[in-house]
Structure formats: structure tokens, C-alpha cells
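In: Task: produce atomic coordinates for the following.
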Amino acid sequence: MRIVLSGIFISGGLFFFMVGTVGLLRFPDMFTRAHSAAKCDTLGAMLSLIALVIYNGLNIVSLKLMLIILFIWLTNPTATHLIAKARYEQEVNNNEDI
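Out: Predicted coordinates for the structure are as follows:
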């Protein structure tokens, strides 16, 4: 049962990684690409790491994986927001110079 459940979570994670990659290739501008990358990468990584936690069972490695999940959950959206904000400010400053 653990292997089947882990396989389902890994498949879900790979699906979201694939959707994020397609979004990076198809969306027209930086802001929509950043949105696609942030959402899909965060969810894909979390699902993949949850699959590893389920596969390993409860031990010290699972605790470390859960801490990595928490770290990704906090840092990935924050980093994407800061990158998008910097790009927006760059565009605003370029338009003021004209």
C-alpha cells in the first residue's frame, strides 16, 4: 500500500512539474511565466517529497524531508514574488525615462 500511495504522489508531482514547464514555454510574458513556475514547482516538489516521506515511513529522514517541504513552501513563493516585483519596478522605471 505504501508503494502504491507513493507512486500516486510521485505521479502527481511529475504532472505538476510538467505543467509548469509547459507554462514556462507557452505563456507570453515574465509575470505569467513566474506564476506558472512558482505554483507548479512548489506543488510538484511538495507532492514528490510527500511521496518520499510515505515511502520511508516515520524516521529521522522523514522529519528532514518534512522540514524541506516547509522550507520550500515558505521560500519559493517569496522568491517568485520578489523577482516579479523587481521586474515590475524595472519596467516602471524604464517607462518614466521616456
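
In: would you list every one of the helices in the chain?
Out: 2-26, 30-56, 60-96 (DSSP state H).

In: so can I have a markdown table of those helices showing mean pLDDT and mean neighbour count?
Out: Where you see a C-beta, it was placed from the backbone N, CA and C, and this is true even at glycine. Putting the helices of the chain into a markdown table (pLDDT from 0 to 100; neighbours: other CB atoms under 10 Å) gives the following:
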| stretch | mean pLDDT | mean neighbour count |
| --- | --- | --- |
| helix 2-26 | 94 | 15 |
| helix 30-56 | 92 | 18 |
| helix 60-96 | 91 | 12 |
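
In: so how far is residue 54 from the residue lying closest to residue 87 once chain neighbours are set aside?
Out: Among residues not flanking residue 87 along the chain, residue 30 sits closest, at 5.4 Å (CB to CB, 6 or more residues apart in numbering). For residue 30, the distance to residue 54 equals 36 Å [CB to CB, to the nearest Å].

In: how close does residue 79 get to residue 62?
Out: For residue 79, the distance to residue 62 - CB to CB - is 25 Å.

In: Just the pLDDT at residue 97, thanks.
Out: Looking at residue 97, its pLDDT is 63.

In: Residue 80 is in contact with the residue nearest to residue 87, correct?
Out: No - counting by CB atoms under 8 Å, residue 30 does not reach residue 80; the two are 10.9 Å apart.

In: quick one: contacts for residue 34?
Out: 80, 83-84, 87 (CB atoms under 8 Å, 6 or more residues apart in numbering).

In: possible to save these as a markdown table with distance to residue 73?
Out: Below are the contacts of residue 34 laid out as a markdown table (distance: CB to CB, whole Å):
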| residue | distance to residue 73 |
| --- | --- |
| 80 | 13 |
| 83 | 17 |
| 84 | 18 |
| 87 | 23 |
